[in-house]
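Asker: Okay, here's the prediction I keep looking at, along with the sequence it came from:
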Amino acid sequence: MTPLTAPVQLSPHLYILYSEYPHHDSGNAYLITGRYPTLIDCGSQHAFPQLVTNLAQTGLAIRDLTQIIATHGDYDHIQSYHDLRREHPFIRLHIHRQDWPSVQECDPYRNGSYIYNRALEPIAAESCLPLEQGEIIAAGDTTLQVHHTPGHTEGSVCLLGEIDGHRVLFAGDTVGGGMRSLDKAVLEIWAQAAVSWKQSLQRLAALDFEWVLNGHEPARSLPISRARFDRAVASFGWMLSPWFTLDEEDPVSPLTAPATAVFD
């Protein structure tokens with residue numbers, strides 16, 4: 001596993017703050033700078049030291065952050081919230097209410113921590129702010145619109161906004177994430193999640209955006225282009241993982257195309 005040891009600047013106000021590939025412990029984290037410095041996902045506890053180091057390289061400290069917006073409530077996307085809050089006691093986690101049970105009751109299946117053989121530390125209700133479908137949130141010098149996209153989790157969201165002239169979709173694991181294991185699953189709920197996920201992707205496909213920043217992608221391959229997103233959506237539903245590929249480095253797979261194809 002190779003983590004990102006320096007932030008990658010995609011535009012004047014947009015950074016990939018943390019990324020690791022192949023995925024081992026933490027999802028990607030993104031930073032929007034400006035009047036309201038905002039983290040989109042904050043990674044795992046394991047990722048926290050590098051995330052803070054990378055944040056400092058942008059000229060910001062934890063106490064400069066206005067908010068953390070979670071694309072969903074999985075361990076690898078939110079566990080470092082506790083470390084951030086120790087440095088910044090007033091910072092809150094914006095998360096869709098349907099994922100509140102995942103972070104408050106800490107069922108390892110629901111929050112994905114079973115994958116890492118670690119328990120997610122509960123996040124109290126008073127530390128959470130609810131995200132609602134269609135809500136507009138100030139972030140950096142722009143705004144983001146919340147799109148509820150259930151499937152990977154009940155409370156998964158995508159965030160759409162214009163940053164430095166680019167229409168950007170922060171997609172979390174709605175793009176590129178996997179289904180939960182069938183072990184311990186209620187088959188009816190598992191199957192409905194796949195149906196909901198497909199419907200969420202169909203709604204996203206109707207939106208206007210050019211860049212996709214998702215939860216698990218090497219920094220060298222970001223942002224994902226709109227054309228690549230459309231190819232990936234067409235592959236949804238293969239085998240047990242909706243983004244099934246035989247080889248992470250397969251150059252023809254929809255989500256692992258070489259970096260040269262990112263801006264096609």
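Answerer: Received it, and whenever you're ready, just let me know what you need.
Asker: Helices of the stretch 51-200 of the chain, start to end?
Answerer: With helices called from DSSP state H, counting those that start in this stretch, the stretch 51-200 of the chain shows them at 75-78, 81-87, 100-104, 187-205.
Asker: nearest to residue 143, of these?
Answerer: Minimum separation from residue 143 across these (CB to CB) falls at helix 187-205, 18.2 Å. For every residue, glycine as well, the C-beta is placed using N, CA and C.
Asker: Nearest residue to the residue most central in space within the chain in space, please, no chain neighbours.
Answerer: Centroid-nearest residue in the chain, with CA atoms, centre = their mean: residue 172, separated by 2.5 Å. Nearest non-adjacent residue to residue 172, counting by CB to CB, 6 or more residues apart in numbering: residue 71, 2.5 Å away.
Asker: Could you give the number of residues near the one you found?
Answerer: The burial count assigned to residue 71 is 34, neighbours taken as other CB atoms under 10 Å.
Asker: can you check residue 2 too?
Answerer: 11.
Asker: Now the phi/psi pair for it, please.
Answerer: phi -120, psi 110 (degrees, to the nearest 10).
Asker: In terms of pLDDT, where does it sit?
Answerer: Per-residue pLDDT puts residue 2 at 81.
Asker: Can you verify my assumption that it contacts residue 20?
Answerer: Yes. Contact status for residue 2 versus residue 20: in contact at 6.7 Å, counting by CB atoms under 8 Å.
Asker: Surely residue 3 and residue 47 touch.
Answerer: Yes. Assessed by CB under 8 Å, residue 3 is found in contact with residue 47 at 7.0 Å.
Asker: so what sits against both of the two?
Answerer: Jointly contacting residue 3 and residue 47 under the rule CB atoms under 8 Å, 6 or more residues apart in numbering are 18, 20, 26.
Asker: need those in a markdown table with secondary structure, distance to residue 63 and pLDDT, can you?
Answerer: Shown next, in a markdown table, are the shared contacts of residue 3 and residue 47 (DSSP: H, G, I helix; E, B strand; the rest coil; distance: CB to CB, whole Å; pLDDT from 0 to 100):
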| residue | secondary structure | distance to residue 63 | pLDDT |
| --- | --- | --- | --- |
| 18 | strand | 18 | 97 |
| 20 | strand | 25 | 93 |
| 26 | coil | 22 | 95 |
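Asker: Okay, now the unreliable bits of the stretch 151-264 of the chain?
Answerer: 237-264 (pLDDT under 70).
Asker: Where do the strands of it begin and end?
Answerer: Ranges of strands in the stretch 151-264 of the chain, per DSSP state E, counting those that start in this stretch, are 157-163, 166-172, 211-214, 224-225.
Asker: Those strands: which one's closest to residue 83?
Answerer: strand 166-172 (20.1 Å).
Asker: what are the pairing partners of the closest one, and which direction each?
Answerer: strand 157-163 (antiparallel), strand 211-214 (parallel) (DSSP bridges).
Asker: Make CSV from these and add distance to residue 99 and mean neighbour count to it.
Answerer: Output for these, formatted as CSV (distance: least, CB to CB, whole Å; neighbours: other CB atoms under 10 Å):
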stretch, distance to residue 99, mean neighbour count
strand 157-163, 9, 23
strand 211-214, 17, 24
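Asker: mind checking which of those is nearest residue 129?
Answerer: Closest among the strands paired with strand 166-172, using CB to CB: strand 157-163, at 12.7 Å.
Asker: Residues contacting the closest one, please?
Answerer: 11, 13-14, 32, 40, 69, 71-72, 96, 131, 137, 139-140, 142-149, 167-172, 174, 204, 207, 209.
Asker: Could you pick out the buried ones from those residues?
Answerer: 13-14, 32, 40, 69, 71-72, 96, 131, 137, 139-140, 142, 144, 146-149, 168-172, 174, 204, 209 (16 or more other CB atoms under 10 Å).
Asker: Could you double-check that residue 136 sits in contact with residue 143?
Answerer: Yes. Using CB under 8 Å, residue 136 is in contact with residue 143, at 5.1 Å.
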